[in-house]
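Enquirer: Give me a model of this one.
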Amino acid sequence: MKKYKALSFFILPGIIFYILFFIFPTISALGLSFTDWNGLSPDYNFVGFKNYKLLLTDDPIFIKSVSNNLKYMFSVVVFQTLISLVFAILLAKNTKLNVFYRAVLFLPTIISSVSVAFVWIFVYEPSIGSLNAVLSALGLDFLIKSWLGDKNIAIYSLAFVQVWAHAGQVMIIFIAGLHAIPKSLYEVARIEGATKWQTFRNVTWPLLAPSATIVIAYTTLQSFKAFDLILATTDGGPSYATEILSLFLYHEAFNNFKFGYSSAIAVVFMLIIAVITIVQFRLLKSNKVNY
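Expert: Numbering: from 1, shown residues only. Prediction:
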């Protein structure tokens, strides 16, 4: 009995904080989503499902935000997974030089997103930015663009920054997965005369699939909930080309003072995240069974 009392003593603070900072705000947001509260006035009116109807049927910015989110998420998931996997394979051996390179690649992860944003604003600056300067020096003037000012490529430019900042982080997951593969399997493949590609396809990748599932699940949620990087670089511009759901919610609440409407956005956003999480969890669970 004393054991359970001691355990509850340690768990109780976490439960209290969870209720105060998650359960209560979630219930409050759900209630406010049925009102027209402006965030300032103590009075507000009950509007029923009006906010949800407007959001889902008559708000082009919401549709644009979802589209941008999907473009951003797909770009980040594909390229961050592939790049981090390549780095992991190249740096899998625990040599001093490889450990140094891992640290260098992991470094952007510990830098705040706002700091990363300011660095890349300078890199992408069309007139004096280092990226266009390098392209010009290499004679590739046809590739020079306004990377954050062109509405056709701005979201992909930001996705590249996300990949740059977090590829080193997910690389560590892949390296851990590679170290868990028995070396005897590689010896057998070498004896059988398998090429490097055959070894990767038939030995490395099947046994690395659970790690890849974790990386994809984590990267999907990470990219879908991006906020501070985009806020600090483009603030959703140009012409809503980089407006994603989290930024749309923020603008409606703190720029337009539509807290009731933004609460409806938050509820829909939470449902989307929940669906993605459930799908990813099932994929992860199935991979645990299969591998």
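Enquirer: residues in contact with residue 221?
Expert: 273, 276, 277, 280 (C-beta atoms under 8 Å, 6 or more residues apart in numbering). The way it works is simple: take the backbone N, C-alpha and C, and place the C-beta from them, glycine included.
Enquirer: Pull the number of nearby residues for residue 161.
Expert: Residues near residue 161, counting by other C-beta atoms under 10 Å, number 25.
Enquirer: isn't it right up against residue 226?
Expert: No - the criterion here is C-beta atoms under 8 Å, and residue 161 misses it with residue 226 at 10.0 Å.
Enquirer: circling back to that earlier point, any chance of the contacts of residue 221 in a markdown table, with secondary structure too?
Expert: Below are those laid out as a markdown table (DSSP: H, G, I helix; E, B strand; the rest coil):
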| residue | secondary structure |
| --- | --- |
| 273 | helix |
| 276 | helix |
| 277 | helix |
| 280 | helix |
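Enquirer: Among the residues you listed, which one sits closest to residue 46?
Expert: residue 273 (26.5 Å; C-beta to C-beta).
Enquirer: so the closest one touches residue 224, yeah?
Expert: Yes - using C-beta under 8 Å, residue 273 makes contact with residue 224 at a distance of 6.6 Å.
Enquirer: Looking at these two, which has the bigger crowd around it?
Expert: More crowded of residue 273 and residue 224, by other C-beta under 10 Å: residue 224, with 21 against 15.
Enquirer: Tell me which residues of stretch 140-159 come out buried.
Expert: Under the neighbour-count criterion of 16 or more other C-beta atoms under 10 Å, stretch 140-159 has 145, 146, 147, 148, 149, 154, 155, 156, 157, 158, 159 buried.
Enquirer: same deal with stretch 12-30?
Expert: In stretch 12-30, counting by 16+ other C-beta under 10 Å, buried: residue 29.
Enquirer: what sits up against that stretch?
Expert: Under the criterion C-beta under 8 Å, 6+ apart, residues 263, 266, 267, 270 lie in contact with stretch 12-30.
Enquirer: For PyMOL, what selects the buried ones among those residues?
Expert: Buried subset of these, written as a PyMOL selection, criterion 16+ other C-beta under 10 Å:
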select buried, resi 263+266+267
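Enquirer: Include secondary structure and distance to residue 55 when you put the contacts of stretch 12-30 into CSV, please.
Expert: Putting the contacts of stretch 12-30 into CSV (DSSP: H, G, I helix; E, B strand; the rest coil; distance: C-beta to C-beta, whole Å) gives the following:
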residue, secondary structure, distance to residue 55
263, helix, 11
266, helix, 11
267, helix, 9
270, helix, 13
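Enquirer: low-scoring pLDDT stretches of the protein, where are they?
Expert: Scanning the chain for pLDDT under 70 picks out the ranges 1-9, 284-291.
Enquirer: same thing but at 50, please
Expert: 289-291 (pLDDT under 50).
Enquirer: Show me where it has its helices.
Expert: With DSSP state H, the ranges of helices along the chain come out as 2-18, 24-32, 50-57, 60-90, 96-106, 113-124, 130-137, 154-179, 183-191, 196-199, 205-224, 228-233, 245-254, 259-290.
Enquirer: picking that back up, now, which of the contacts of residue 221 sits nearest residue 71?
Expert: Taking those together and measuring to residue 71 by C-beta to C-beta, the closest member is residue 276, at 15.3 Å.
Enquirer: Quick check: that closest one vs residue 161, distance?
Expert: 22 Å (C-beta to C-beta, to the nearest Å).
Enquirer: try residue 256
Expert: To residue 161, residue 256 is 27 Å away according to C-beta to C-beta.
Enquirer: same thing with residue 125?
Expert: Counting by C-beta to C-beta - residue 125 and residue 161 are separated by 14 Å.
Enquirer: same question, residue 33
Expert: 32 Å.
Enquirer: Kindly report the same for residue 128.
Expert: Per C-beta to C-beta, residue 128 is found 18 Å from residue 161.
Enquirer: try residue 275
Expert: Counting by C-beta to C-beta, the gap from residue 275 to residue 161 is 27 Å.
Enquirer: Likewise for residue 219?
Expert: 14 Å.
Enquirer: ok, the closest residue to residue 109 other than its chain neighbours - contacts?
Expert: Once flanking residues are discounted, residue 109 sits nearest to residue 169: 4.3 Å by C-beta to C-beta, 6 or more residues apart in numbering. The contact partners of residue 169, by C-beta under 8 Å, 6+ apart, come to 84, 106, 109.
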